[in-house]
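Visitor: I would like the atomic coordinates for the input below:
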Amino acid sequence: MSWLLGIVLLGVTINPPRRRLELGDDRQAVAAGAALTLAAVLVLGALGDWILTSLDISGPTFRVAVGLVLVARGVLDLIRAPAPPVDLPGGSGAVVPVFFPVLFRPELGLVAILVAIDAGLWPIAIGAGAGLAVVVGAVSLDRAGYLRALGAVLSTALIVLAVDRLIDGVFAL
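Guide: As a prediction, the model looks like this:
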């Protein structure tokens, strides 16, 4: 995987318009949750090779597994309406629900590991950082229909890139 594909894959996995539809209007809590998410994906990326080695999972097998998970997430995001925005209960809202379960999702962790083993850590910092910055910047936007439409476009792009990763993993087996 090239570094550019890694950056794009992280961006569409985050899917900022869809995540924005699931968050409240507290910019400070969203920014703190985004910072926690970026730290988590960087740590997972740094430990990715060690995790796969410890679990005795080969790179091609992991690519196939990540591809399957991403296809499922993309399809779910396309057919299911976004969850209603959550109320952010003060300072703790940065951790629950902003960090987890809205921003840091299992597929994001898997993609961070995949990008790290294929392209290194700096594409994670750029891709996840840019995607999360868009989520924080979109807090001031209202929940207009264009966010829903753009989220559907990114979900479709996620499915396409997931199939690419899946095929790449199958051919590498």
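Visitor: quick one: low-confidence parts of this structure?
Guide: Scanning the chain for pLDDT under 70 picks out the ranges 87-91, 143-144.
Visitor: can you map out the helices along it?
Guide: For the chain, helices defined by DSSP state H occupy the ranges 3-14, 16-21, 27-54, 59-79, 106-119, 122-137, 145-172.
Visitor: just put these in CSV and tack on mean neighbour count and distance to Pro85.
Guide: In this view, the C-beta of every residue, glycine as well, is placed from N, C-alpha and C. What follows is the helices of the chain, written out as CSV (neighbours: other C-beta atoms under 10 Å; distance: least, C-beta to C-beta, whole Å):
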stretch, mean neighbour count, distance to Pro85
helix 3-14, 22, 17
helix 16-21, 23, 7
helix 27-54, 18, 11
helix 59-79, 18, 16
helix 106-119, 22, 20
helix 122-137, 21, 13
helix 145-172, 17, 12
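Visitor: ok, now which ones touch Gly93?
Guide: Gly24, Asp26, Ala29, Gly33, Val86, Asp87 (C-beta atoms under 8 Å, 6 or more residues apart in numbering).
Visitor: could you redo the last one with a cut-off of 6 Å?
Guide: When contacts are counted by C-beta atoms under 6 Å, 6 or more residues apart in numbering, Gly93 touches Ala29.
Visitor: Pro85 versus that one, what's the distance?
Guide: Gly93 sits 11 Å away from Pro85, going by C-beta to C-beta, to the nearest Å.
Visitor: returning to what we had before: specify the stretch among the helices of the chain that is closest to Phe99.
Guide: Phe99 lies closest, by C-beta to C-beta, to one member of the helices of the chain: helix 27-54, at 4.2 Å.
Visitor: show me what the closest one is packed against.
Guide: Judged by 3 or more C-beta pairs under 6 Å, 6 or more residues apart in numbering; DSSP states H and E, the packing partners of helix 27-54 are helix 106-119, helix 122-137.
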